[in-house]
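Visitor: my questions concern the predicted model and sequence given below.
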Amino acid sequence: MTMERRNFLKLLGAGAGAATLGLAGCATTNKAGARKVVVVGGGYGGTIAAKYIRMQDPTLEVTLIERNDHFISCPFSNLYIGGLMPDLSSLTIKYDQLATNHGIKVVQAEVTAIDAKAHVVKTSKGDFPYEKCVVSPGIDFRTNEIKGYDPEIMPHAWKAGPQTVLLRKQLEAMKPGGTVILSIPLAPFRCPPGPYERTSMIAMYLKQNKPGSKIIVLDANPDIVSKKGLFLKGWKKHYEGIIDYRPAKKVTEVDNKNMSVLVEGIEEIKGDVINIIPPQKAGAIAHTAGLVGADGKWCPVRSFDFESRNHPDIHVIGDSSIAGAMPKSGYSANSEAKVCATNIVAMMNGRKMTEMSAINTCYSYLSAKEAVSVTGVYRVNASTQAIEAVPGSVGVSADLSETEAMYAESWIRNILHEMST
Amino acid sequence: MRRKLSVMTLALGAMVVSAAAYAIPPTAEILSYACAGCHGTSGASAGPSMPSLAGQNKAFFVDAMKKFKSGERTGTVMARLAKGYSDEQIVAMADFFAKQKRASQTTEIDPALVAQGKVVYDNACKRCHLESGKEFEEDTPVVAGQWLKYLQIQMGEFRDGKRKISDKKAEKVKSLTAADWEAAAHFYASQK
């Protein structure tokens, strides 16, 4: 504890308690919402926030609102695209066990608005008042930045489900000797190594099933964003002559009839299958609810409990939030949800909050049997209050590894099990 | 709320106060919850190659993390993640997981190998891995009820010299064959 903080607490005396009371005290502007938490979004962040709130305080009423009756994981969906999985069933979770095991009310509805002042989440199935609200809506796309973009013709497959299936079907239908185009947006986007894993999985599929085919990767970024050395090594080892990686190539326009893309409005490139991963922003509800910051894209939050900088008592976790050094990944969302849940429970019970500690662990497959990982442990910097990586904890695998692929398989099983039970 | 806080801050003088000043350092819970994405809620793993941490011997946990941190024990992600924690935080996490109820798995296990494994256990393991691996002495790990796959990976590393065998263990296990290791893995995995 720093001198400053110790003095501060001493000065406050019982006031430390008073301050906490202050934090909790202002919460209930709506009596109907007292002791109620509403969680918006049933993905990597939302399920865990709901579960860990109930685990720590079963007297709180927790409602999880999600538009679908199931969730399909984006992590590992590249393996399906590459042909390593017959379908998406092993990546699909339902909410019934989570609801029963933890006494979470799961409501399948579309959230239309959040009235931050009245503390009410408005949905297609009525109003849900809250004392605290957790918003974990994932991403949406800035499709207006790609002229002519139509995901039914050039799928993004960056939200797992029908889009993922569409991309695989297009690959299966492609003639041998064809060209696949993969367009990567400027960072930040969901899952930094994801596009390069997808490149590997598509290249693997082409190598095995479509002789003479190639994949042109048009990356808007000046270089490979994540795990660069490992991807380059894997591509050289397995996919020489199949992957044509081109940095600093931002796709700005598409021609759906000619099946071509325009780079910076000038250079036209034709493809048989075109996978456009558009530039991204926080999920739609984050915009509707006024949670997005000055950049118009992502949600600024307080570092140790993920409370929105725009609206008190609304917490934003996962891909939508600006979480300092933490990447936009499934594991980050899981870990952020626990920090958020713990401090929501603390605040609602007049206890002191706890400084955040979180992890990211993320695997990428390079071939059917080899994977690589990136890790990081995250904390709050005492002087800047920003989320930073703990030195030494951030790093990538030394090499492509079959052992890591084995661990990756257990990663997905554990994390989906944790979300669904 | 923000107005209230800033008024209070002013009242306290020019001190720079962020809301984090009300926060306590990371607790055992908040540190340990972060592990559950890979090791399962409360340390009960649902992934065959990932060990359960629930009910693990505190001394073993601390020793393993410190060895990952120093590089004495090689690993994949753990060799990096362990560097993210202070020794005090490692002890707090060890304490958290030691208090959780030990998990057991429903792995497919070969009963004949379990019987063989019992013989191996009685001859070579039981002096340190007490009560069929459910209990421990000093810094030995609780191994009962771990996933078969995980046990096979770790025992393979001992067998192949990739994971260092402690002196007291080396003496007992140097004569074990690959079949003995495999049988012992089945024996431990079968424990409820």
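Guide: Received, thanks. Everything numeric in this text was worked out from a predicted model, so none of it was measured.

Visitor: and for the residue most central in space within chain B, nearest residue in space, chain neighbours not counted?
Guide: By C-alpha atoms, centre = their mean, chain B has its centre lying nearest to B:Leu53, at 4.2 Å. Nearest non-adjacent residue to B:Leu53, counting by C-beta to C-beta, 6 or more residues apart in numbering or on different chains: B:Gly43, 3.4 Å away. All C-beta spots, glycine's among them, are computed from the backbone N, C-alpha and C.

Visitor: follow-up on the earlier one: any idea how far chain A is from the residue nearest to the centre of chain B?
Guide: 11 Å (C-beta to the nearest C-beta, to the nearest Å).

Visitor: also B:Ala46?
Guide: B:Ala46 is 4 Å from chain A, by C-beta to the nearest C-beta.

Visitor: number of residues surrounding the nearest residue to that residue once chain neighbours are set aside?
Guide: Nearest residue to B:Ala46 in three dimensions, chain neighbours excluded: A:His417, at 3.7 Å (C-beta to C-beta, 6+ apart). Using other C-beta atoms under 10 Å in any protein chain shown, A:His417 is surrounded by 17 other residues.

Visitor: okay, and A:His417 sits in which element?
Guide: helix A:402-420 (DSSP states H and E).

Visitor: for A:Glu388, give its distance to chain B.
Guide: Per C-beta to the nearest C-beta, A:Glu388 is found 11 Å from chain B.

Visitor: cool, A:Phe231 as well?
Guide: From A:Phe231 over to chain B (counting by C-beta to the nearest C-beta), the distance is 17 Å.

Visitor: isn't that residue right up against A:Val225?
Guide: No: using C-beta atoms under 8 Å, A:Phe231 is not in contact with A:Val225; the gap is 9.9 Å.

Visitor: what is in contact with these two at once?
Guide: Any residue near both A:Phe231 and A:Val225 by C-beta atoms under 8 Å, 6 or more residues apart in numbering or on different chains counts here, and that gives A:Pro193, A:Tyr196.

Visitor: only the buried residues of the helix holding A:His417, if you could.
Guide: Neighbour counts using 16 or more other C-beta atoms under 10 Å in any protein chain shown place A:404-420 of helix A:402-420 among the buried residues.

Visitor: now stretch B:155-175
Guide: Within stretch B:155-175, the residues that count as buried by 16+ other C-beta under 10 Å are B:Met155, B:Glu157, B:Phe158, B:Arg159, B:Arg163, B:Lys169, B:Val173.

Visitor: and the nearest residue to the first one once chain neighbours are set aside, what element?
Guide: Counting by C-beta to C-beta, 6+ apart, B:Met155 lies nearest to B:Trp181, which is 4.5 Å off, once chain neighbours are set aside. In the assignment (DSSP H and E), B:Trp181 maps to helix B:178-190.

Visitor: pLDDT of that helix, averaged?
Guide: Here helix B:178-190 scores 95 as its mean pLDDT.

Visitor: and it, what does it pack against?
Guide: Contact analysis of helix B:178-190 by 3 or more C-beta pairs under 8 Å, 6 or more residues apart in numbering or on different chains; DSSP states H and E lists helix B:111-120, helix B:130-133, helix B:148-159 as its packing neighbours.

Visitor: winner for burial among these?
Guide: helix B:148-159 (a mean of 19; mean count of other C-beta atoms under 10 Å in any protein chain shown).

Visitor: report the angle between it and helix A:402-420.
Guide: Calculated by axes from the mean of the first three to the mean of the last three C-alpha atoms, to 10 degrees, helix B:148-159 forms an angle of 150 degrees with helix A:402-420.

Visitor: quick check: next helix or strand after helix B:148-159?
Guide: Later in the chain than helix B:148-159, the nearest helix or strand by DSSP H and E is helix B:167-173.

Visitor: per the record, what domains does the chain have?
Guide: Chain wasn't specified; assuming chain A. Domains of chain A are assigned by automatic domain parsing as A:23-140+A:281-353, A:148-278.

Visitor: that was the other one, I meant chain B.
Guide: Using automatic domain parsing, chain B is parsed into the domains B:28-99, B:111-190.

Visitor: end to end on the longest one, go ahead and measure it.
Guide: One end of domain B:111-190 to the other measures 9 Å (C-alpha to C-alpha, to the nearest Å).

Visitor: ok, stretch A:186-195 next?
Guide: 11 Å.

Visitor: could you confirm whether it reaches chain B?
Guide: No: remark: stretch A:186-195 sits outside contact range of chain B, by C-beta under 8 Å from any C-beta of the partner chain, the gap being at least 14.2 Å.

Visitor: go through that stretch and flag the buried ones.
Guide: For stretch A:186-195, by 16+ other C-beta under 10 Å, it's A:Pro188, A:Phe189, A:Arg190, A:Cys191, A:Pro192, A:Pro193, A:Gly194, A:Pro195.

Visitor: got it, and stretch B:126-144?
Guide: B:Cys128, B:His129, B:Ser132, B:Gly133, B:Lys134, B:Phe136, B:Thr140, B:Pro141, B:Val142, B:Val143, B:Ala144.

Visitor: format those as a markdown table; extra columns: distance to chain A and pLDDT.
Guide: Listed next are those as a markdown table, based on distance: C-beta to the nearest C-beta, whole Å; pLDDT from 0 to 100:
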| residue | distance to chain A | pLDDT |
| --- | --- | --- |
| B:Cys128 | 26 | 90 |
| B:His129 | 23 | 93 |
| B:Ser132 | 24 | 93 |
| B:Gly133 | 21 | 94 |
| B:Lys134 | 23 | 94 |
| B:Phe136 | 24 | 91 |
| B:Thr140 | 24 | 91 |
| B:Pro141 | 18 | 94 |
| B:Val142 | 19 | 94 |
| B:Val143 | 17 | 95 |
| B:Ala144 | 19 | 94 |
